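Participant: everything below, folded, please.
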Amino acid sequence: MGRIVALLYGVVCYGVFFASFLYWIGFVSNLIVPKGIDSGLASPSGTALLINLALLILFGAQHTIMARPGFK
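Facilitator: Have a look, this model is predicted:
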């Protein structure tokens, strides 16, 4: 029974990954999916730069905090 459940879980996980990967291909190439990579609104370069910088700082802060021995 446990092996069948594990097999079904693996098949479902593989199916979800495959569907996500196909959606990503459609998103990047602007095919079939309802919203593609180029369908967003253009924003000023300064705003986009600030948002990207904030996301980069957030990413670095999270990984710095999670790398501490006290967090692990």
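Participant: can you give me the domain boundaries for this structure?
Facilitator: Using automatic domain parsing, the domain ranges for the chain come out as 1-40, 42-72.
Participant: just the terminal-to-terminal distance for stretch 26-35.
Facilitator: Length of stretch 26-35, first residue to last, Cα to Cα, to the nearest Å: 9 Å.
Participant: residues of it that come out buried?
Facilitator: 26-27, 33 (16 or more other Cβ atoms under 10 Å). The C-beta positions use only the backbone N, C-alpha and C, and glycine is treated the same way.
Participant: now, those residues that are in helices?
Facilitator: Counting by DSSP state H, the part of the buried residues of stretch 26-35 found in helices is 26-27.
Participant: just curious, which of the buried residues of stretch 26-35 is nearest to residue 72?
Facilitator: Of all the buried residues of stretch 26-35, residue 72 sits closest to residue 27, with 34.9 Å by Cβ to Cβ.
Participant: contacts for the lowest-mean-pLDDT helix or strand in the chain?
Facilitator: Within the chain, confidence by mean pLDDT, DSSP states H and E is lowest for helix 45-66 among all helices and strands, at a mean of 94. Helix 45-66 has contacts (Cβ atoms under 8 Å, 6 or more residues apart in numbering) with 71-72.
Participant: run the last query once more with 10 Å
Facilitator: Identification of contacts with helix 45-66 by Cβ atoms under 10 Å, 6 or more residues apart in numbering yields 42-44, 71-72.
Participant: which of these tops the neighbour count?
Facilitator: Most neighbours among the contacts of helix 45-66, by other Cβ atoms under 10 Å: residue 43, with 11 neighbours.
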